[in-house]
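**Q** have a look; sequence and predicted model below, questions after that.
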Amino acid sequence: MAVTFLSGTPFFIEHSSRRLFVLLVDANLDVAFKGAILHLPAFGEEMNKSRAMVVSQARALAHEGYTVLVPDYFGTGDSAGAFSEASWDVWLEDMRYCLSWLQGQAQGAVTLWGLRLGTMMALELASEAATNIFTLVLWNPVLHGEQYMLQFLRFRLVNSMMYGETKEKVVDLKERLKRENTLEVAGYELPSVMFQEVASRKAKTFEPKSVKQVLWMDVAPTIKSLSIPAQSLVDQWLAKGIDVDVAHVTGPQFWATQEISRAEELIEATTHWLKAACSEDVES
Amino acid sequence: MVLTNKIVVLLQDVLQIKQPLTEDSMLLGGIPEFDSMAVVSILTELEESFGIMVDDDEIDASIFETVGALVNFVEEKI
């Protein structure tokens, strides 16, 4: 699908003296406007690896009548600041601002679309009293912040195993992080506060009260069923009356692959679902 | 054999390689794609796919020497 004319407008949003780089991909004017979508990016290298996929998805949705805002978190991508100055709470505050900005532009409810750790951000935003979020799109959600942070520290441990004199231990790395406030991991100056804040997050503790429907997409090279914690979270939401669609598609896990890769089926399925979700809204 | 096949598929998926792998195939040092990023991804995939937990102390170059060594490591954990 070549939708090159919907390339998007890059600009900066200024907020609390932070300059955030955003890409606004405007809805195709030839079709009826369907709504606005805020993307919540993945973490660290996963964000860089997934940039092309995210923009492709944003363009495909814009083609169907959605306006999509793709921000770079503070201290990442083309936004101002250094990663070492970033924290989850700062990101959260910025995303809250992006959300209200987009709500103002679109004059209506905004769909949140998160990737990996960005799904945690989506859930947290959707759980706040002030937000009116009806629809969530979650791509390969990260459910457990602490586990995710420990996996991130592993980059350093494995590096020391492969290239270093002595192999480091995660326990020691955690100690150093506390002592020195930042720790270099895979080219990122990870701040201690970021580690603590992400580690304290668990998907199952969030109550996305206003949410009516969730699209949970898992992409993998070979189809697998949901993990036990994922299934229990889905059941928890279903019991609360949230409509949860779980879909598995085959494709590369583009946020982690060696080379930049694309998961076409994921884009097609997500676009298809959002198209249908929107027409249901109109009918009801 | 079933486990070996599963791990071979997992390795091919993570490393994005198509070449056939046997238990004797060298990983670390044998496959150019096998870098630290790949090792972390493989560990995560193994934990998620087989429901195992890999302790830091167990992460050692020896378990990534060959496909067979990795299979043995997983076999002892499940």
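**A** Cool, got the structure.
**Q** which SS state does A:Phe254 fall under?
**A** What DSSP: H, G, I helix; E, B strand; the rest coil gives for A:Phe254 is coil.
**Q** quick check: it touching A:Val54?
**A** No - using CB atoms under 8 Å, A:Phe254 is not in contact with A:Val54, being 9.4 Å away. No exception for glycine: its C-beta is placed from N, CA and C like everyone else's.
**Q** so between these two, which is more surrounded?
**A** Under the criterion of other CB atoms under 10 Å in any protein chain shown, the comparison of A:Phe254 against A:Val54 puts A:Phe254 first, with 25 against 22.
**Q** and the more buried one, how far from chain B?
**A** 11 Å (CB to the nearest CB, to the nearest Å).
**Q** and that residue, what pLDDT?
**A** A:Phe254 is assigned a pLDDT of 94 by the prediction.
**Q** which residues sit in contact with it?
**A** By CB atoms under 8 Å, 6 or more residues apart in numbering or on different chains, the contact set of A:Phe254 is A:49-50, A:52-53, A:219, A:260-263.
**Q** of those residues, which is the most crowded?
**A** Taking other CB under 10 Å as the neighbour criterion, A:Ala263 ranks highest of these with 27 neighbours.
**Q** closest point of chain B to chain A, which residue?
**A** Minimum separation of chain B from chain A (CB to the nearest CB) falls at B:Asp13, amounting to 3.8 Å.
**Q** in what helix or strand does that residue lie?
**A** If you go by DSSP states H and E, B:Asp13 is part of helix B:2-15.
**Q** before we move on, what about A:Pro10?
**A** strand A:9-15.
**Q** name the next helix or strand downstream of that strand, please.
**A** From strand A:9-15, the next helix or strand downstream (DSSP H and E) is strand A:18-25.
**Q** tell me the angle that following strand makes with strand A:9-15.
**A** For strand A:18-25 against strand A:9-15, the angle by axes from the mean of the first three to the mean of the last three CA atoms, to 10 degrees is 150 degrees.
**Q** contact residues of the stretch 51-200 of chain A facing chain B?
**A** Within reach of chain B by CB under 8 Å from any CB of the partner chain, the stretch 51-200 of chain A has these residues: A:151, A:154-155, A:157-159, A:161-163, A:167, A:169-171, A:186.
**Q** for the residues you listed, work out which two are farthest apart.
**A** A:Tyr163 and A:Val171 (20.6 Å; CB to CB).
**Q** give the contact list for the residue lying closest to A:Phe74 once chain neighbours are set aside.
**A** Leaving aside its sequence neighbours, A:Phe74 sits nearest to A:Gly81 (CB to CB, 6 or more residues apart in numbering or on different chains; 4.7 Å). When contacts are counted by CB under 8 Å, 6+ apart, A:Gly81 touches A:18, A:74-75.
**Q** which parts of the chain are helices?
**A** Looking at chain A here, since you left the chain open. Taking DSSP state H as the test, the helices found in chain A are A:45-63, A:88-106, A:117-127, A:145-163, A:170-180, A:192-199, A:228-239, A:264-283.
**Q** right idea, wrong chain: chain B
**A** B:2-15, B:36-50, B:67-77.
**Q** and these, which is most packed in?
**A** Mean neighbours per residue, mean count of other CB atoms under 10 Å in any protein chain shown, is largest over the helices of chain B for helix B:36-50, with a mean of 19.
**Q** pick out the residue of chain A closest to chain B.
**A** Of all residues in chain A, A:Pro221 sits closest to chain B, at 3.8 Å by CB to the nearest CB.
**Q** now do the same for that residue: its pLDDT.
**A** Per the predicted model, pLDDT is 86 at A:Pro221.
**Q** and residue 33, how many neighbours?
**A** No chain in the question, so chain A it is. Residues within reach of A:Phe33, counting by other CB under 10 Å, total 16.
**Q** should've been chain B
**A** Counted with other CB under 10 Å, the neighbours of B:Glu33 add up to 15.
**Q** unless I'm mixing things up, it is touching B:Leu15, no?
**A** Yes - at 4.4 Å, B:Glu33 and B:Leu15 qualify as touching, with contact defined as CB under 8 Å.
**Q** which neighbours do the two have in common?
**A** By CB under 8 Å, 6+ apart, the residues touching both B:Glu33 and B:Leu15 are A:Gln258.
**Q** mind giving me the domain split of chain A?
**A** Following automatic domain parsing, one gets these domains for chain A: A:9-144+A:208-283, A:145-201.
**Q** what sits against the closest residue to A:Glu85 other than its chain neighbours?
**A** The shortest distance from A:Glu85 to any non-neighbouring residue, by CB to CB, 6+ apart, is to A:Gly75 (5.6 Å). Going by CB under 8 Å, 6+ apart, A:Gly75 touches A:81-86.
**Q** all good on my end, thank you.
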